[in-house]
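K.L.:
what follows is a predicted structure for the sequence shown.
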Amino acid sequence: MVVKRTRPTPKLNRACMLCGVVQSMSQFRNDGCPNCESVLHFADNDDLIRECTSPTFEGLVAFKGTKTSWVARWLRIENFVPGVYAVRVAGKLPEDVKNDLYSQGVEYRPRDGSVRD
Ligand SMILES: [Zn+2]
């Protein structure tokens, strides 16, 4: 798989801070996040979308759902739906959202490059 470093297109203009998927604002609004909707509930919640997705991200990767992909392992997206993912997403989830995730047993790893293995 080739990692393309491209500028985000206007249609794909926000990246989920939890899973890194890149979608348009209207996709998040209409369908929520394809991976995180069960814990974050983005649909029809513009405020939450603005807090938990970021317009600043880099390193777009097209993930086709191959669980053995090194890119998937690198991005920790083995179990995510196929789509376009950002390698880095600027920003962090708000504290109350993080606490909510922890209470649901979801581990949040910031994708802004501040966490190293
Ligand atoms: Zn997500």
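P.N.:
Arrived safely. These numbers come from a predicted model, not from an experiment. Numbering: from 1, shown residues only.
K.L.:
nearest residue to the residue most central in space within the chain in space, please, no chain neighbours.
P.N.:
Among the residues of the chain, the one closest to the centroid is residue 20, at 2.1 Å (CA atoms, centre = their mean). Nearest residue to residue 20, sequence neighbours excluded (CB to CB, 6 or more residues apart in numbering): residue 85, at 4.5 Å. In this view, the C-beta of every residue, glycine as well, is placed from N, C-alpha and C.
K.L.:
could you pick out the longest helix of this protein?
P.N.:
helix 95-103 (DSSP state H).
K.L.:
isn't the residue nearest to residue 20 right up against residue 22?
P.N.:
Yes - assessed by CB atoms under 8 Å, residue 85 is found in contact with residue 22 at 6.4 Å.
K.L.:
identify the contacts common to these two.
P.N.:
Listed contacts common to residue 85 and residue 22 are 15, 60; contacts here mean CB atoms under 8 Å, 6 or more residues apart in numbering.
K.L.:
which bits of the protein sit near the ion?
P.N.:
16, 18-19, 33, 35-36 (CB under 5 Å from the ion).
K.L.:
can we see that at 6 Å?
P.N.:
16, 18-19, 21, 33, 35-36 (CB under 6 Å from the ion).
K.L.:
looking at those residues, which is nearest residue 64?
P.N.:
residue 21 (13.4 Å; CB to CB).
K.L.:
and the pLDDT at the closest one?
P.N.:
At residue 21, the pLDDT value in this model is 95.
K.L.:
who does it bridge with?
P.N.:
residue 85 (DSSP bridges).
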